[in-house]
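Novice: Provide a 3D model corresponding to the input given below.
(2 chains)
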Amino acid sequence: MPHKKQKLAQFEARVVQLINEWHRLAYTYVDADLRIAQISPNFPSELTDADLTRPGISLGEAFGEFVGMEDVLHDILRGERSLFQIERVNRIQADGSIRYLSFRVVPLDVQKPSAGLLVIVEDVTSSGLIEHSLVQNRNELRFVQDALAHANADLDKRVEQRTAELAEAKQQIEKQLVRMQALRLNDLAILGTTDLRVALKTIADQTRKHLRMDVVSVLLFNPYSLRFENAVVAGAQTSEIQSAWIRMGETVIGRAAFERQTLIFPDVSQEPQLELVGKSEGFLSCFALPLIAKGKIVGVMYLGHRSIFQPNQDWLDFLESLAGQAAMAIESIKAFEDLQRSNFELALAYSRTIEGWSRALDLRDMQTKDHTSRVTELTLKLAHLVGMNEIEIMHVKHGALLHDIGKMGIPDAILLKDDYLSDEEWEIMRRHPAYAYEMLSPVEYLRPALDIPYCHHEKWDGTGYPRGLAGEQIPLAARLFAVVDVWDALRSNRPYRKGWNEDQVREYIRSQSGTHFDPYAVDLFLRLLDEMDKEQMDQRAV
Amino acid sequence: MNTIVQKKICLLGDFGVGKTSLIRRFVEGRFNEKYLTTIGVNISRKTIERSYGLMSMLIWDLAGSTGFDSFTNPSYMQGTAGAVIVCDITRRDTLIIMAEYARQARIINPKIHLVFVCNKTDLLDRRVISAEDLSDLSSTFGDGSYFLSSAKTGERVEDVFSSLAGKIDAGDR
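Specialist: Next up is the predicted model:
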């Protein structure tokens, strides 16, 4: 039996030895006073700076990890606790590497725990390094996640900020677009009308709409009375502004013009001295802008609001643009009106000159007294019948009045001769259409009227003069006039013959259709004469 | 002969807030940019002068949390005179973890002295934790004071530990 027990003891010792080697275990025995009593032979001395062999060295002195842990250790000694352990205690080695240790404290004798403590130290560096590597990677990953989250949050913030900026920009663009459309509408109104009030009304309406004003008016400066008179008003509820008649320098309107600057009153109650226009409208704020074109005051734009209104720069800029358009409208349309008036006066002057020349011709050629007015009247009737427009008819009239203007170049001896003309005299007489051309063609205004003076002696069959034109080569006005001219000439007395009666004349005219005259012109003229006869008969009957 | 008192103090806080760096700056006067996580515990010693003699600080650098469920083993807090609880000025969630550490430290040891530190002030442009946040937290679990520190620059690191030593001394008296 002893041999058997000895064998078992040897076996157990071998097992303990192997466990110690494989698990790198060392141990120390600590007495009830927590002083180191014994250490295992394999205890690694580098685990502590303390001299473990010094008699009476305490556990806390040997291992700092146990400082402050006395209560826990006494719990084990009293049997109130069976185990205390500290995991993964770091020991930095001289080469900078880390060694991980595990401390376990258990009673030396479970049956009698007060006998002392066994402190087992296990080197867990291998598993510790693996765990360290895993935790290191995990934490670094979390840093990256944090950084990404920060970056994302930052990006979200920037996107949000940018989105807000874009929305603001979009709003601004839309606002500008609406304003540009308003300006464009005003431009079209200015270009599309010659009526100044129509253009200004459009501008006033657009100004009122886009600047959200209650009343907008445009007053024109009358340079003769030196007063501002209302041209248009939009949104007014009373007649105060409509009937405004304001001197330069007086009231807010006259002041804006006199001082040549925009006057802004966001709260008129703060301006007791202000000569407000629109009191009856209940304005609490008002704005007056001088309208200046080419350096001259042409009017004032006046805006009123029935509540206090503080404009921003953007609003004021747009108002300036609209006022600029109003000034431009006044300038351009007034210039157009002046031009139109000048043209009208010129046309009137031409007309009177032509009529004067015509009368002068009639006076010179006494034989054909009132001939010109008669043939002109009838030719104009024919021109109406063939559907000529107003401008063409005006030229026909000028042409008819001046049809014999070329006779100014014919000597009196021939023109006023009481007898038949010789061949040579006829030769001279036939030059008068060419003379007419020479006289009138340099005058641009009269050039379109040349058809009759130059071509009324041409004949349908091409035997006329001065150029021998035939058929529709002859201008229509000249073809119509030729019939009327001959008709009137044959009816008139001449020194060398008596005037023909009406039937003879008509018969002659009819006979010359297709030779001397355009058949269409002849038909038209004879029908006209018939209708005139009928009208005369009707009048007589009445 | 100088009186030497030995005191155990702990550094607590979320992972990566700079606990190890604060200790290294305090104990060794050095700083390393490279992040090296701590597992388990790493104990350092630093002796500081006090009016009565010397205080030998046994500074427990405990692995940072990875959430509330992995809070420090309560046994490790046994015999701890004071704790420095650290958060990162650039990470708001570390403030929440800081509050949890303070709450649990108070449960384990109601008399423990606490110092609150908001670290990494060298990254002030990325600050997400306000003075008001820190003041509120410190008032809830301490005396309302806190430190803004940087282990990188050394800003207020000495003050952190001497403040804790002062609180421990005052408590002992």
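
Novice: for the rest of this, base every contact and every neighbour count on C-alpha atoms.
Specialist: Fine.

Novice: so where's chain B shaky on pLDDT?
Specialist: By pLDDT under 70, the low-scoring segments of chain B are B:1, B:66-72, B:173.

Novice: switch to 80 and redo it
Specialist: Along chain B, the parts satisfying pLDDT under 80 run over B:1-2, B:64-75, B:172-173.

Novice: ok, now the stretch 201-350 of chain A?
Specialist: Ranges of the stretch 201-350 of chain A meeting pLDDT under 80: none found.

Novice: now the strands: where do they sit in it?
Specialist: Assigned by DSSP state E, counting those that start in this stretch, the stretch 201-350 of chain A shows strands spanning A:215-222, A:227-234, A:245-247, A:263-265, A:285-293, A:296-305.

Novice: who is residue A:89 paired with across the strands?
Specialist: Beta-bridge partners recorded for residue A:89 (DSSP bridges): residue A:101, residue B:41.

Novice: okay, now it: neighbour count?
Specialist: Using other Cα atoms under 10 Å in any protein chain shown, residue A:89 has 23 neighbouring residues.

Novice: what about stretch A:370-383, distance to the chain center?
Specialist: Computed by Cα atoms, centre = their mean, to the nearest Å, the separation of stretch A:370-383 from the middle of its chain amounts to 57 Å.

Novice: please apply the same query to stretch B:158-173.
Specialist: 12 Å.

Novice: list the buried residues for it?
Specialist: B:158, B:160-161, B:163-165, B:167-169 (16 or more other Cα atoms under 10 Å in any protein chain shown).

Novice: quick one on the thing from earlier: okay, the strands of the stretch 201-350 of chain A in CSV with mean neighbour count and distance to chain B next?
Specialist: Converted to CSV, the strands of the stretch 201-350 of chain A look like this (neighbours: other Cα atoms under 10 Å in any protein chain shown; distance: least, Cα to the nearest Cα, whole Å):
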stretch, mean neighbour count, distance to chain B
strand A:215-222, 25, 54
strand A:227-234, 22, 58
strand A:245-247, 19, 65
strand A:263-265, 20, 47
strand A:285-293, 24, 48
strand A:296-305, 25, 49
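
Novice: which residues of chain A score low on pLDDT?
Specialist: In the predicted model of chain A, residues A:1-3, A:16-17, A:19-24, A:42, A:44-47, A:190, A:362-370, A:418-419, A:494-497, A:542 satisfy pLDDT under 80.

Novice: near chain A, which residues of chain B?
Specialist: Within chain B, the positions near chain A by Cα under 8 Å from any Cα of the partner chain are B:8, B:15-16, B:36-43, B:58, B:76, B:78-80.

Novice: neighbour-wise, which of the residues you listed leads?
Specialist: Of all the residues of chain B next to chain A, the highest neighbour tally under other Cα under 10 Å goes to residue B:15, namely 26 neighbours.

Novice: please name the nearest non-neighbouring residue to that one.
Specialist: Excluding the flanking residues, the one nearest residue B:15 by Cα to Cα, 6 or more residues apart in numbering or on different chains is residue B:64, at 4.0 Å.
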